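# build me a model:
(chains A and B)
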Amino acid sequence: MKQIGKIIATEKVPTTVDEFFFWTDKELIIKPFDVVKVNHIKSSITFGVVEEISHLTDNSSFLAGYISSDFGDVNYQQYTQRIGMNYVRAKVVGNSQGIYTPVLDGSFVSLASEDDIREALGLKDIKNPLPCGYIEMYEQPDSVTIPVHFNSHFLIGPEGAHLNISGISGLASKTSYAMFLLKAIQDQYIEKSKGESVAFVLLNVKGRDLLAIDEINDELTSDDKSIYKMLDLSTIPFQNVKYFYPYSKDIVSSTYGRDVKSQMELNKAFLYKYIFEDDKESIDLLFSNVDDPNQTMESIVNYIATGQGGFNGITNWNELLNEVYEHTKAGASGKDKEITVLSWRKFYRLFRKTIEKTTIFSNSISSKPKDNETRLKEAILNIKKNDVFVIDVAKLDEETQGFVFGDVMRSIYELKLGQAYDRNEADIPSKIVIFIDELNKYASKEVPKSSPILRQLLDITERGRSLGIILFSAEQFKSDIHDRVKGNCATHAYGRTNAIEISKPDYQYVPKVYKSMLTRLKQGEYVVQNPVFRSLLNIKFPRPIYKQFKNG
Amino acid sequence: MVLSLPVEANPETRNTELFFNNLKEKINNTPRVQKIGLKFSNILSYSSKANVDSKELKYEHLGIAAIQDEMVDSEKKIVANLTAKNLLNEDSYLLKDGSLQYKPMKTGEYKELSKIKNNYRCVIGVSKLFNPEFSKDRSGKSNAALLAKLPLYHRTPAYMFQHERENWSYLGDYKYSVWYVRIRDAKHTESPFAGIVKIEKILITENENENGLESDLIDVITANIINERNPVCYGKDSRWANHLYPVYLTELFLKSKYLSDIHFLNLF
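Prediction:
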């Protein structure tokens, strides 16, 4: 391969087990994340990943530079070039024979072949390969494009699980990347009839993002399609998709979706409702963002769910609201001294706000097949292999969104623990992947410790792997997220972010040049970290395969 | 690499060349010299008797003189080679650091400059340091004061120069053209003569020898020297104002090849 320089080891800057330096021509185009190889002892080859590139000349000071331009004449063009060169700092990522003695001064450095790059980055012989994008390296005519694969056992279990994607909204295209991976997973599992199976539950939190994932993207160019082909992915959108919209009479008032009716006619859209009788135990989820240091809210919820006081025999949400109102009256606390009237009033205030605002809390479910009404929990408990459930919460208020998300997680937990139903074990998908955007709403560092949603999330990230519940989450700022939630994610994808974010301790281990690269990443570019890879990878992925809505 | 020794190092009066050749082989075969990978190509000899009347006779001066002669000789050899390979022409001149005033030598392949003068058609000498008193006006008075006031990017007129006949034997009989040019503004330099370089060119053709160098050619050469004023080696060499970057780099390279005194002394 093309030789591009030689190793330099000096008294002050020696080569080490971890890194080495080499000089290159100052006009050679090379960039961070590029792989280089160095001839090492015993005919072995040491691989390095470029971290930093510096240019230097024999200019002794800035002043000499100024003087060399005729004492500050900006228009002056010098005829003689100063002697200068580039030197590159590279991180050692491996040696072909496992030799980690530092590379020697004067050793040849060259560009790596496709095969070398695979070996260097740990992309070779990956078991259970799952496409996660591709890397592009070097400039023409030496450029190479290599598909990158995760070991799916490290993404969706059993070895490692959970994915966290971070990046500023819009430019990072977090949803697109998550969907790209989910699509790859579906492609892989849909053909399998035996062994592991998978199902997906996605929450649509903004606009119409995920409300047409089974429809084709008309704007996809043949270039995009060829990338899908290179990655061994089909070019059809998601299959077996079911949409769940919040119930309201006219439908439009509770969702941004516009094709709900036609989707219902095709029997792939449903309207979900919460019925008091079956869902009263989930009320606590409504208060997950309320500071509850004395756990009074929790006690009230318990009080109601167990039918104490006047709460026995209540059959619908309105009766509940009335009964709660009774408890807010002065002197009412006589009935139960443990909970003060003030607490009841607070509960009433918060509860009424939600109940009156949203239309999903209903008295009954229509049994007419045409109405396509359902309880979310019921639907989830019946999820089948390869199913993709999209649950739309975009137009709901924040408390209700949390409520629905919490309820979804609980239902999945119940399904996987086999508590709820007499479903045949073999029919239950062995893995269920949940995708939630804006994780910061539910698992930020500011969320009260008592929040039932946070507890549920912690449970999933800490124990979900063994149960087969996998969390794909996304947020703008990773540093906001609860340490235990992000700490338990095996795979991290970093999209474009800003300078303030990269100054946070979360990014301490990221080399300085990569950090500033994070602030410049293009749309469709990610830096990924996965236990299988030997270093961070700068990958690209194609545009979404499903229908995109330009205006939300 | 050469060594220089007084001719008296040879105990016999005959076979000088043979003796030093043998000595050279002997030194080159010393284990220590071999180990370091050095190789002497010649041992120069000089006579200390010839100058016995000189009061300041020192062997080291004589030795250095012999080596300098060798240096000058190899310099001429290089120029001859470049010319033979047709590398020197109107578009690519050779710039020699220092003066082109070669004295005639008693030994060496290129001892007679007049025979090799043609090689110097496209060679100029540029000196950083010079004796300003040397520059004289028509009446023969020193021109140093005017030279100090030379404006930026201006040159003095070139004057034809030839050593006086009685000195030809040791300064050479050829004519050359000399002029000065200021490449740095005096307000930026530490002395009035810093920033001025002296340019020399040997006169070759009959016409040149009669009438001096053509002004056009002088201007072109001067302009090229002015263009080489940048980049500067400011901060690395105190003579930065008079230095030309390519010369500075070459000098730095050569100096980097020097053996240290201690190293050298311990060879033997």
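# C-alpha from now on. contacts and neighbour counts both.
Will do.
# A:Glu501: which element?
helix A:499-502 (DSSP states H and E).
# do A:Glu326 as well
helix A:317-328.
# same check on B:Leu18?
helix B:16-28.
# using PDB, list the CA coordinates for whichever helix or strand comes after that helix.
Sequence order places helix B:31-36 as the next helix or strand after helix B:16-28, per DSSP H and E. This file holds the C-alpha atoms of helix B:31-36, laid out as PDB (Å, rounded to 0.1, in the frame of the first residue of the first chain):
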ATOM      1  CA  PRO B  31      38.600  -0.600  14.700                       C
ATOM      2  CA  ARG B  32      37.200   2.500  16.400                       C
ATOM      3  CA  VAL B  33      37.100   4.500  13.200                       C
ATOM      4  CA  GLN B  34      35.400   1.500  11.400                       C
ATOM      5  CA  LYS B  35      33.000   1.000  14.200                       C
ATOM      6  CA  ILE B  36      31.700   4.600  13.900                       C
END
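# how much does the helix or strand following helix B:31-36 deviate in direction from helix B:16-28?
Note on helix B:31-36: by DSSP H and E, the next helix or strand toward the C-terminus is strand B:42-46. Angle of strand B:42-46 versus helix B:16-28, following axes from the mean of the first three to the mean of the last three CA atoms, to 10 degrees, is 130 degrees.
# in strand B:42-46, which residues are buried?
Residues of strand B:42-46 classed as buried by neighbour count (16 or more other CA atoms under 10 Å in any protein chain shown): B:Ile43, B:Leu44, B:Ser45, B:Tyr46.
# remind me what it packs against, helices and strands.
When contacts are defined as 3 or more CA pairs under 8 Å, 6 or more residues apart in numbering or on different chains; DSSP states H and E, strand B:42-46 packs onto strand B:2-6, helix B:16-28, helix B:59-84.
# against which helices or strands is the longest one packed?
The one in question is helix B:59-84. On a contact count with 3+ CA pairs under 8 Å, 6+ apart, helix B:59-84 meets strand B:2-6, strand B:42-46.
# give the buried residues for whichever helix or strand comes after it.
Next helix or strand after helix B:59-84 toward the C-terminus (DSSP H and E): strand B:94-97. Buried residues in strand B:94-97, counted by 16+ other CA under 10 Å: B:Leu94, B:Lys96, B:Asp97.
# for stretch A:342-349, same thing?
So stretch A:342-349, judged by 16+ other CA under 10 Å, has buried residues A:Ser343, A:Trp344, A:Arg345, A:Phe347, A:Tyr348.
# where does the stretch 51-200 of chain B dip in pLDDT?
Scanning the stretch 51-200 of chain B for pLDDT under 70 picks out B:51-57, B:104-115, B:135-138, B:140, B:167-172.
# same thing with the stretch 1-150 of chain A?
Looking at the stretch 1-150 of chain A by pLDDT under 70, you get an empty list.
# closest point of the stretch 101-250 of chain B to chain A, which residue?
Taking CA to the nearest CA, chain A has its nearest neighbour within the stretch 101-250 of chain B at B:Pro231, 4.5 Å off.
# so what's that residue up against?
A:Gly65, A:Ile67, A:Ser68, A:Ser69, A:Gln78, A:Thr80, A:Gln81, A:Arg82, B:Tyr245 (CA atoms under 8 Å, 6 or more residues apart in numbering or on different chains).
# residues contacting the second one?
Right, the one you point to is A:Ile67. Counting by CA under 8 Å, 6+ apart, A:Ile67 has contacts B:Pro231, B:Val232, B:Tyr234.
# the last one contacts A:Ser69, correct?
What it means is B:Tyr234. No - counting by CA atoms under 8 Å, B:Tyr234 stays clear of A:Ser69, with 12.0 Å between them.
# tell me where the stretch 151-268 of chain B has helices.
B:168-171, B:206-211, B:215-227, B:245-256, B:261-265 (DSSP state H, counting those that start in this stretch).
# buried ones in the fourth one?
When neighbours are counted by 16+ other CA under 10 Å, the buried residues of helix B:245-256 are found to be B:Tyr245, B:Pro246, B:Tyr248.
# now those as TSV including distance to chain A and pLDDT?
Converted to TSV, the buried residues of helix B:245-256 look like this (distance: CA to the nearest CA, whole Å; pLDDT from 0 to 100):
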residue	distance to chain A	pLDDT
B:Tyr245	8	92
B:Pro246	8	92
B:Tyr248	11	93
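# first-to-last residue distance for stretch A:232-246?
Using CA to CA, to the nearest Å, the end-to-end distance of stretch A:232-246 comes to 36 Å.
# contacting residues around that stretch?
With contact meaning CA under 8 Å, 6+ apart, stretch A:232-246 is reached by A:131, A:183-184, A:186-187, A:211, A:213-216, A:225, A:228-229, A:254-255, A:268-273, A:359-360, A:376, A:386-393, A:545-546.
# so which bits of stretch A:207-226 are buried?
Within stretch A:207-226, the residues scored as buried using 16+ other CA under 10 Å are A:207-217, A:220, A:224-225.
# now render the helices and strands packed on strand B:42-46 as TSV, adding mean neighbour count.
Converted to TSV, the helices and strands packed on strand B:42-46 look like this (neighbours: other CA atoms under 10 Å in any protein chain shown):
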stretch	mean neighbour count
strand B:2-6	17
helix B:16-28	15
helix B:59-84	16
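# report all helices and strands that the helix holding A:Glu326 contacts.
By 3+ CA pairs under 8 Å, 6+ apart, helix A:317-328 packs against helix A:341-357.
# show me what contacts the one residue in the stretch 1-150 of chain A that gets nearest to chain B?
The minimum distance from the stretch 1-150 of chain A to chain B, using CA to the nearest CA, falls at A:Ser68 (4.5 Å). Contacts for A:Ser68 were tallied using CA under 8 Å, 6+ apart; they are B:Arg229, B:Asn230, B:Pro231, B:Val232.
# filter those residues down to the buried ones.
B:Arg229, B:Asn230, B:Pro231, B:Val232.
# that older thread, looking at the contacts of stretch A:232-246, which are in helices?
A:Lys183, A:Ala184, A:Gln186, A:Asp187, A:Lys225, A:Tyr228, A:Lys229, A:Leu376 (DSSP state H).
# and the fourth one, how far from A:Val532?
In other words, A:Asp187. Taking CA to CA, one finds A:Asp187 at 21 Å from A:Val532.
# A:Thr10: neighbouring residues, count only.
Neighbour count of A:Thr10, defined by other CA atoms under 10 Å in any protein chain shown: 10.
# need the three-state assignment for it.
Per DSSP: H, G, I helix; E, B strand; the rest coil, the local secondary structure of A:Thr10 is coil.
# repeat for A:Val201
A:Val201 is classified as strand under three-state DSSP.
# ok, the one 5 residues further on next?
Three states are possible here, and by three-state DSSP the one that applies to A:Lys206 is coil.
# per-residue pLDDT, the closest residue in space to it that isn't next to it in sequence?
If the residues on either side of it in the chain are set aside, A:Lys206 comes closest to A:Ala394, at 4.7 Å by CA to CA, 6 or more residues apart in numbering or on different chains. A:Ala394 carries a pLDDT value of 90.
# measure A:Ala394 to A:Glu323 for me?
The gap separating A:Ala394 from A:Glu323 is 31 Å, by CA to CA.
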